[in-house]
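Novice: sequence and computational prediction follow.
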Amino acid sequence: MAGKTPTTTPKWLDLLSNPRVSQAMGRLVRLRAPKPVLQAAIRTFCRIYGVELAEAERSLSDFATFQEFFTRRLKPGARAVEMAADLLPSPADGVLSITGSLANDTLIQAKGIEYTLDALMGGSEDADPYRGGSYAVVYLAPKNYHRVHSPWQGEIVQWRHIAGPLFPVNKMGIQHVPGLFARNERIIGHCETEFGRAALIMVGATCVGHMRVCFTDLCTNEGQPTGALTTLTPPVSQSRGDEFGVFEMGSTVVLVFADPDVAPLGDVPSPVLQGQGILRISRATSSSEPRHGG
């Protein structure tokens, strides 16, 4: 039986989505607590969520704040990046929660809940290159490594910051907030890639809500309004595995492709590591040179 699409959001979720709630949490995790207190907090977090702290580039004693721990880099070689021409590697650790077609210009958030491509991308003009294409969603849990990496060889040619609330992106939020990924604050990078036109969307979430990316100094959840679609001159070149951005808490990555022939490898959902092959793209661009967009 299809799930019932929620028409209203529970009031407590509306209250939680206020960016000021996440800003307050941000101030808390950036505090410099006494070393024994901070280390005890990190150890407790790791135990509750199953964090693999041994993968971190820095040792526990090197973190000065909880945020430094949460945005930790990994040791060199901790993630292998899939390089097969027709396979797309995951941009992040997490769960490949859903994949689908954009034949009807809609994406599925959960059973019985849909949202539109136009709403996700911030307008019909931004959405036009991807109509009839495909999409995939990778959800990051608290235990995951929270840096996002390019899943393709190509160039970031345009970007947009879209302001919004910060609903939680966990099961509760996904099931009870209509159009969640098209409502939360997000940063969209439009790319010309080895797989054709594609976009990587970082979606913010409750708790801190800060997102940073490699192509602008902007840090989200600091009260900025929605920005215009901005063309990067020159474009920012990236190879597979290059760092794209970082979540300072949260969240979710949405990948959108102009190519309709994108299919998951194996069962969905499944836990994945950054760099692990997750999608097969049958019509990968034959040329190794990305196409330039305007």
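Specialist: Okay, I see it.
Novice: switch to C-alpha atoms for all contacts and neighbour counts from now on
Specialist: OK.
Novice: how much space between V29 and A41?
Specialist: For V29, the distance to A41 equals 11 Å [Cα to Cα, to the nearest Å].
Novice: who has more neighbours, the two?
Specialist: Just comparing V29 and A41: by other Cα atoms under 10 Å the higher neighbour count belongs to V29, 20 against 14.
Novice: one step back: please enumerate the shared neighbours of V29 and A41.
Specialist: Residues touching both V29 and A41 (Cα atoms under 8 Å, 6 or more residues apart in numbering): none.
Novice: any regions of the stretch 151-294 of the chain where pLDDT drops low?
Specialist: Applying pLDDT under 70 to the stretch 151-294 of the chain flags residues 208, 250, 267-269, 283-294.
Novice: show me where it has strands.
Specialist: 154-162, 186-193, 196-203, 211-213, 230-238, 243-247, 252-257, 262-264, 271-272, 277-281 (DSSP state E, counting those that start in this stretch).
Novice: any chance of CSV for those, columns distance to A92?
Specialist: Listed next are the strands of the stretch 151-294 of the chain as CSV, based on distance: least, Cα to Cα, whole Å:
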stretch, distance to A92
strand 154-162, 18
strand 186-193, 15
strand 196-203, 11
strand 211-213, 14
strand 230-238, 15
strand 243-247, 10
strand 252-257, 8
strand 262-264, 15
strand 271-272, 8
strand 277-281, 11
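Novice: of all those strands, which one is nearest N170?
Specialist: Comparing the strands of the stretch 151-294 of the chain by their distance to N170 (Cα to Cα), the top pick is strand 252-257, with 9.5 Å.
Novice: got a list of contacts for the closest one?
Specialist: 91-92, 130, 133-140, 169, 196-204.
Novice: what about E194, how many neighbours?
Specialist: 23.
Novice: what of T206?
Specialist: Applying other Cα under 10 Å, we find 26 other residues in the vicinity of T206.
Novice: that one against F167, yeah?
Specialist: Yes. Under the criterion of Cα atoms under 8 Å, T206 makes contact with F167 at 5.4 Å.
Novice: now the residue lying closest to V177 once chain neighbours are set aside, what's its secondary structure?
Specialist: Closest residue in space to V177, ignoring its immediate chain neighbours: T9 at 5.3 Å, by Cα to Cα, 6 or more residues apart in numbering. Secondary structure, DSSP: H, G, I helix; E, B strand; the rest coil: T9 is coil.
Novice: so T9 makes contact with L180?
Specialist: No. Judged on Cα under 8 Å, T9 makes no contact with L180 at a distance of 10.1 Å.
Novice: more neighbours: those two, which one.
Specialist: Higher neighbour count among T9 and L180: L180, with 24 against 13, using other Cα under 10 Å.
Novice: distance check, the closest residue to P10 other than its chain neighbours against V203.
Specialist: Spatial nearest neighbour of P10, chain neighbours left out: H176 (7.2 Å); criterion: Cα to Cα, 6+ apart. Distance, H176 to V203, by Cα to Cα: 17 Å.
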